[in-house]
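Asks: Okay, structure incoming, though there's no sequence with it:
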């Protein structure tokens with residue numbers, strides 16, 4: 001029994017006309033059926049590897065994964081910018097214009113949104129599924145190539161899962177690149193995920209997972225990294241670049257760390273906490289906020305003004321410390337017109353701490369602002385008295401010496 005499959009040599013039983021060059025989705029589904037047929041023993045299901053050699057493969061049928069211990073891997077994430085291509089006009093002199101490597105073109109004609117849907121009811125939950133080192137290319141944002149809308153999803157993990165890995169992948173021009181529900185010990189590491197409406201969405205709930213060492217950049221309509229209901233999430237050492245509506249967005253997430261990331265954004269709200277978030281650490285990040293410099297994208301934005309904060313915190317006992325915010329925006333582009341921009345806004349919650357952050361701005365700014373509903377916030381060495389604004393008396397403040 002073989003447990004290593006090559007999509008270029010697989011023949012679909014009863015339908016040899018279907019190949020990886022006509023519909024790689026149908027081929028992978030056929031391989032998964034073979035894996036299940038050859039591993040019926042409850043006591044011995046080692047799983048398998050499905051290999052995608054470098055090449056272009058159209059996916060017209062959604063792949064459904066309902067087995068554990070499956071690795072789907074290629075030999076090159078193949079990312080290249082599609083936004084530059086679509087906004088360049090004449091590309092006739094370019095060396096190449098499309099993503100390469102082991103590239104799957106997401107062209108679903110089966111009425112499904114996802115290239116891969118991973119789901120299984122019953123027990124145990126799916127475990128140890130790996131996506132590694134190939135490209136998922138949504139090809140086009142039909143109609144308006146700057147819309148980030150085409151309804152296409154790269155990978156949807158739709159039921160509880162354990163120890164999944166998404167590593168060294170390339171995702172481009174998908175409305176939603178990676179969506180994982182109810183993750184336990186998930187690793188999203190070393191990927192290139194950009195020019196997608198949303199890049200990484202961890203939904204439902206999760207624990208002890210990590211998003212590390214990725215190159216990420218969502219569109220203005222979505223989020224680069226979003227997590228809800230998570231406990232102990234690690235978001236570390238990512239290079240997150242424009243132009244996400246938010247770069248890191250936590251919702252009802254506790255005891256998690258956002259640390260040592262480099263964040264570059266064109267809009268307010270680069271790090272956002274939504275709902276009730278407790279005991280999270282935001283530490284050692286480098287944030288650079290500018291206005292959109294590129295003509296084709298200047299008409300777009302995320303709908304927030306500069307009073308929203310570069311970092312906005314909601315929840316209790318969160319710690320924002322040791323971050324660098326470099327804010328350089330032409331005064332004529334500040335919104336509302338004439339406003340004094342906010343760097344860190346504590347919008348709600350009790351017992352939050354903002355300490356020893358360094359902020360450099362080209363205009364007068366409020367380094368830390370406390371909304372009226374906040375209680376017991378401590379602001380230490382993160383700005384002068386003139387750079388601090390509190391709409392509550394229930395706080396402690398120590399000015400930067």
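Replies: The structure has been received and is ready for your questions. If you're wondering where the values come from, they're calculated on a predicted model, not measured in any experiment. Numbers count the residues shown, from 1 in each chain.
Asks: my guess is residue 297 meets residue 146, correct?
Replies: Yes - contact criterion CB atoms under 8 Å: residue 297 and residue 146 qualify, at 6.5 Å. Quick note: C-beta positions are derived from backbone N, CA and C, even for glycine.
Asks: and residue 2, how many neighbours?
Replies: By the criterion of other CB atoms under 10 Å, residue 2 has 10 neighbours.
Asks: where's it relative to residue 133, distance?
Replies: The spacing between residue 2 and residue 133, counted by CB to CB, to the nearest Å, is 21 Å.
Asks: go on, residue 196?
Replies: 18 Å.
Asks: Please, where are all the helices along this structure?
Replies: With DSSP state H as the criterion, the chain has helices at 20-38, 82-86.
Asks: Worst mean pLDDT across the helices and strands of this protein, which element?
Replies: When the helices and strands of the chain are scored by mean pLDDT, DSSP states H and E, helix 82-86 comes last with a mean of 93.
Asks: ok, residues contacting that helix?
Replies: Residues outside helix 82-86 that contact it (CB atoms under 8 Å, 6 or more residues apart in numbering): 91, 94, 97, 98, 99, 137, 145, 146, 172, 173, 195.
Asks: and the two most separated of these?
Replies: 94 and 146 (19.5 Å; CB to CB).
Asks: thinking again about what came up before, out of the contacts of helix 82-86, which is nearest to residue 262?
Replies: If you rank the contacts of helix 82-86 by distance to residue 262 using CB to CB, residue 195 comes first, at 18.4 Å.
Asks: what sits against the closest one?
Replies: Each residue near residue 195 by CB under 8 Å, 6+ apart is listed here: 81, 82, 83, 148, 172, 173, 217, 219.
Asks: export those residues to a markdown table and tack on neighbour count?
Replies: Formatted as a markdown table, the contacts of residue 195 follow (neighbours: other CB atoms under 10 Å):
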| residue | neighbour count |
| --- | --- |
| 81 | 15 |
| 82 | 21 |
| 83 | 21 |
| 148 | 25 |
| 172 | 27 |
| 173 | 28 |
| 217 | 22 |
| 219 | 28 |
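Asks: In CSV: those, plus distance to residue 230.
Replies: Putting the contacts of residue 195 into CSV (distance: CB to CB, whole Å) gives the following:
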residue, distance to residue 230
81, 30
82, 30
83, 30
148, 24
172, 26
173, 27
217, 22
219, 23
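Asks: distance between the ends of stretch 89-98?
Replies: Using CA to CA, to the nearest Å, the end-to-end distance of stretch 89-98 comes to 14 Å.
Asks: Just the buried residues of that stretch, please?
Replies: For stretch 89-98, the neighbour count (16 or more other CB atoms under 10 Å) marks residue 98 as buried.
Asks: low pLDDT regions in this structure?
Replies: 1 (pLDDT under 70).
Asks: Quick check: the residue lying closest to residue 275 once chain neighbours are set aside vs residue 55, distance?
Replies: Excluding the flanking residues, the one nearest residue 275 by CB to CB, 6 or more residues apart in numbering is residue 252, at 4.2 Å. As judged by CB to CB, residue 252 and residue 55 stand 42 Å apart.
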